[in-house]
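In: got a structure for you, letters missing:
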């Protein structure tokens, strides 16, 4: 068994957690493990074959029970690689922006590393069982991260609400997964069904389950993954959780972990149950318009910077789902690009708002003002990241949004209204949503950072170097992916084509 | 001599095994020696009787794990030595081993009665072993009664504590009721089939059910199932469990939660894959309904609990529900899942109850508020407790998750999708109450004048090993499942 970069990416944070059990310099260990993750991600990216197919594949038979064969399989393709790289970068940044005087630091870093390991593992798993298991690994650290280090009077309530909401989503997803295996087993008539994703996809291609079965299983998958992403109307946990969570946890959760739902819906739902996806397309369109328009409107009304960021993050999930609803290669490539762009930008924005909270003691936009004149770094970073999240050309989000909108325009859908197919109307609404997001983001930038001085005192002392490096790392990645999106989009596009083309391993 | 008496491996080739080879005889002997030695033996033995008991349990467990092989029967078929019984006997020994290890250190135990306290689990384990091996309703009834009577004493051991006595009385009433149901059911079945032997009844029951005696057979089956329902604390026969779990000394709570529940399931599996095998499809819907009721009653009832022992009582009802799902599936996969789930549940429940037993007097009680700030006082113990609770809640990569996965998958295969959805509700609810103590441990501050928590090394070792087992069972279940599959092959 040769050593592969995927082991590094998953193993580094897990070993880091083990090391943190002992009296070691916690911050160094956390930096080292997340740094190693990034090295692993670069290593994996360097080996990407031109066709974008699965590589570095390794699998071990893990368990045969109850008619289900589970293999512990790891692999990466052009579709998952951008998510993996996003995970590693944001994990490193989250560790770096953690204040040096964090109370109970070892436990905090252990939580961050566990979340990172869970996210990376779920993107790297080539097996449905482990895709689910790795994501669940992050649940308890999320609970502890928000509950112990969170801020705000309703911390405990929000912690429980978030975790139970997420657990409910996971259970719905689990029911969907078991239902999928059951349906495929019945359709193929085999006694043993493997949870290997490629095998499931091929099995579904050769023995397609009936339309009714596809419809209800996809419904479960959509609801389960949808809750985890914050699909309207299952989004209520997300803004509150991000408003309360400490900045590094919010960065990892909103930036990375939430993308798992979209990733899983594409990897499993669209690829294995295409008819089910067709049946739900109309509903998905309605729900994602809820994300874009309703949540977008709600975002404008927010009074707290963190609430605003949490809502905006939920709103942008609507664009990701638009690409999913389209299901075209261009649209799905846009989903990958926007996931990366949104993950980087929202992580940076939460880092900034965490620093604002540390320096001013409040996040109320009514009390803050003119921070950029005293702490120019914060103002600059927020402006760039905010513009990225609005979709300024040159930054990664723009490339993603454009691909999604182009990919969805005129995409096939069951019903049409007036002169255009439904999805094209969705594109029109989504374009309108861009105006909404410009309104709230620019307004926040203007009042908090560039307006007149606020009513609270801002503590002016140098911003820690590690924090600057982390945020500029995120901005740098945004710029790189935005100015030259061809590399990412080519990888994603070919990886998706390979996956959906149903070409074997 | 002990090896010769206890191993039973000699019988693996033949069909009959000599009566002196059945391990229960050896355990009975050891229990008697401990009891008498603890009463009249030299002072050195009397002061160390719990340690000796734990060591002997450990030895027996090692023998059971490494030297037992299935095959054969004794006493002319009254005693079955098959894979199912071996798996369960190992689980009983494990429960006894951990309970005696906890007694070493459990300060809320009744010191004045130490000898009985230590020796009685041996007799309970003997009774459970006989239950798991029963080949005849008479053996089943006698061994079940032996277990129940032993448990009365263990539960109400602390005579001067009101809750302990209350628990004993409730257990007594429950035991009497369930014994009445059982003996009545047995009588009805005997009346309609003319035999008490499991193997003979298996052949006659379907015919009797279809014939004139059908209603009598139905009544008999119902009575027996109700009695078993009491034993495993399935709703609606669950009401005794929270009180008994709360009132009993903590090691006994652990012993009951793990070994006694497993014994109930041993009987259930033995019956459904033995004498009731021909009518299993008739009984499966009833088991499924019991499962659904237990999952809802246990998990929703636990939501409002503030005492950890009581919470474990309610959650134990919920776990009985998940286990019954595996039984209701009626397949080999379901039975394998049940055995795995029981082992995973045993390990995780003993982590939680073991820690509680070691800490309860220093914390000042078993209410959740007593755990406040444990993560600041003793981070290691708090994380151990967290792993135990997470496994009970069914979070990966721990044993509790894989158990649920297999049980749910087996139920799905049997077409019980609705039951999986009910179970999903239970799992989400359970996360709330399993995380509630975590909130107390991690989010709250310790009381200002909290004394240091001194927990000695053997105890920490015990709980750490249990936690390690919860993780290993979860991430490397292959060998374990292979053993289960091999031992249950002939079921």
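Out: Alright, I've got the coordinates. Keep in mind the model is a prediction, meaning the values are calculated, not measured. Numbering: from 1, shown residues only, chains lettered A, B, ... in the order given.

In: so which residues of the stretch 201-350 of chain B form helices?
Out: In the stretch 201-350 of chain B, the helices defined using DSSP state H, counting those that start in this stretch lie at B:214-232, B:240-247, B:250-255, B:261-272, B:280-302, B:308-329, B:332-363.

In: want to try a markdown table for those helices, with distance to residue A:203 as columns?
Out: Glycine gets a C-beta too; all of them are placed from N, C-alpha and C. As requested, the helices of the stretch 201-350 of chain B are exported to a markdown table (distance: least, C-beta to C-beta, whole Å):
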| stretch | distance to residue A:203 |
| --- | --- |
| helix B:214-232 | 38 |
| helix B:240-247 | 44 |
| helix B:250-255 | 45 |
| helix B:261-272 | 33 |
| helix B:280-302 | 29 |
| helix B:308-329 | 23 |
| helix B:332-363 | 20 |
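
In: quick check: which of those helices is buried the most?
Out: When the helices of the stretch 201-350 of chain B are scored by mean count of other C-beta atoms under 10 Å in any protein chain shown, the highest mean neighbour count falls to helix B:250-255 (a mean of 30).

In: now the residue nearest in space to the middle of chain A. Nearest residue, chain neighbours left out?
Out: The centroid of chain A falls nearest to residue A:259 when counting by C-alpha atoms, centre = their mean (2.2 Å). Excluding the flanking residues, the one nearest residue A:259 by C-beta to C-beta, 6 or more residues apart in numbering or on different chains is residue A:339, at 4.7 Å.

In: same question, residue B:317
Out: Per C-beta to C-beta, 6+ apart, closest to residue B:317 is residue B:298, 3.1 Å.

In: now residue 142: which helix or strand?
Out: Unless you meant another one, I'm taking chain A. helix A:139-149 (DSSP states H and E).

In: oops, I was thinking of chain B
Out: With DSSP H and E as criterion, residue B:142 is part of helix B:137-155.

In: returning to that earlier point: check which element follows the helix holding residue A:142 along the chain.
Out: helix A:155-188.

In: now do that next one: distance to the chain's middle.
Out: Taking C-alpha atoms, centre = their mean, to the nearest Å, one finds the center of helix A:155-188 at 17 Å from the center of the full chain.

In: number of nearby residues for residue A:462?
Out: 9 (other C-beta atoms under 10 Å in any protein chain shown).

In: for it, helix, strand, or coil?
Out: Here residue A:462 is coil, with the state taken from DSSP: H, G, I helix; E, B strand; the rest coil.

In: I figured residue A:191 hits residue A:67, correct?
Out: Yes. Using C-beta atoms under 8 Å, residue A:191 is in contact with residue A:67, at 6.3 Å.

In: more neighbours, these two?
Out: Set side by side, residue A:191 and residue A:67 show more neighbours around residue A:67, with 19 against 7, by other C-beta under 10 Å.

In: what about the more buried one, distance to chain B?
Out: According to C-beta to the nearest C-beta, to the nearest Å, residue A:67 stands 6 Å off from chain B.

In: which bits of the stretch 301-450 of chain B sit near chain A?
Out: B:333-334, B:336-337, B:340, B:375, B:379, B:386, B:390, B:395-397, B:401-402, B:405-406, B:408-410, B:412-413, B:417, B:420-421, B:424, B:427-428, B:431-432, B:435, B:438-439, B:442-443 (C-beta under 8 Å from any C-beta of the partner chain).

In: packing partners of the strand or helix carrying residue B:467?
Out: Take DSSP H and E as the rule and residue B:467 turns out to sit in helix B:457-475. With contacts defined as 3 or more C-beta pairs under 8 Å, 6 or more residues apart in numbering or on different chains; DSSP states H and E, helix B:457-475 has these neighbours: helix B:83-103, helix B:332-363, helix B:379-393, helix B:399-413.

In: make TSV out of those helices and add mean pLDDT.
Out: What follows is these, written out as TSV (pLDDT from 0 to 100):
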stretch	mean pLDDT
helix B:83-103	91
helix B:332-363	90
helix B:379-393	92
helix B:399-413	92
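
In: could you give the angle of the helix holding residue B:467 to helix B:332-363?
Out: Angle, helix B:457-475 to helix B:332-363, by axes from the mean of the first three to the mean of the last three C-alpha atoms, to 10 degrees: 150 degrees.

In: check which helix or strand the residue nearest to residue A:259 maps to.
Out: Counting by DSSP H and E, residue A:339 is found in helix A:329-360.

In: how about low-confidence regions in the chain?
Out: No chain was given, so I picked chain A. Applying pLDDT under 70 to chain A flags residues A:1-2, A:412-419, A:502-505.

In: wait, I meant chain B there
Out: Residues of chain B meeting the criterion pLDDT under 70: B:1-15, B:105-113.

In: would you mind finding the longest strand in chain A?
Out: What stands out as the longest strand in chain A, according to DSSP state E, is strand A:55-65.

In: chain center to that strand: distance?
Out: For strand A:55-65, the distance to the chain centre is 25 Å (C-alpha atoms, centre = their mean).

In: got the buried residues for that strand?
Out: A:55-57, A:62-65 (16 or more other C-beta atoms under 10 Å in any protein chain shown).

In: save those residues as CSV, and put in distance to residue A:425 too.
Out: Formatted as CSV, those follow (distance: C-beta to C-beta, whole Å):
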residue, distance to residue A:425
A:55, 40
A:56, 42
A:57, 41
A:62, 46
A:63, 47
A:64, 48
A:65, 47
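
In: do you have the strands of the stretch 151-300 of chain A handy? List them.
Out: A:193-194 (DSSP state E, counting those that start in this stretch).

In: and it, which of its residues are near chain B?
Out: Within reach of chain B by C-beta under 8 Å from any C-beta, the stretch 151-300 of chain A has these residues: A:155-156, A:159-160, A:163-164, A:167-168, A:171-172, A:174-175, A:178-179, A:181-182, A:185.

In: on that earlier part again, in its sheet, what does the longest strand of chain A sit against?
Out: strand A:68-76 (antiparallel) (DSSP bridges).

In: now do the strand it pairs with against helix A:155-188, angle only.
Out: Using the same axes, to 10 degrees: strand A:68-76 against helix A:155-188 is 110 degrees.

In: so how far is strand A:68-76 off the chain centroid?
Out: 22 Å.

In: try stretch A:387-405
Out: Per C-alpha atoms, centre = their mean, the centroid offset for stretch A:387-405 relative to its chain is 16 Å.

In: cool, and stretch A:470-487?
Out: For stretch A:470-487, the distance to the chain centre is 17 Å (C-alpha atoms, centre = their mean).
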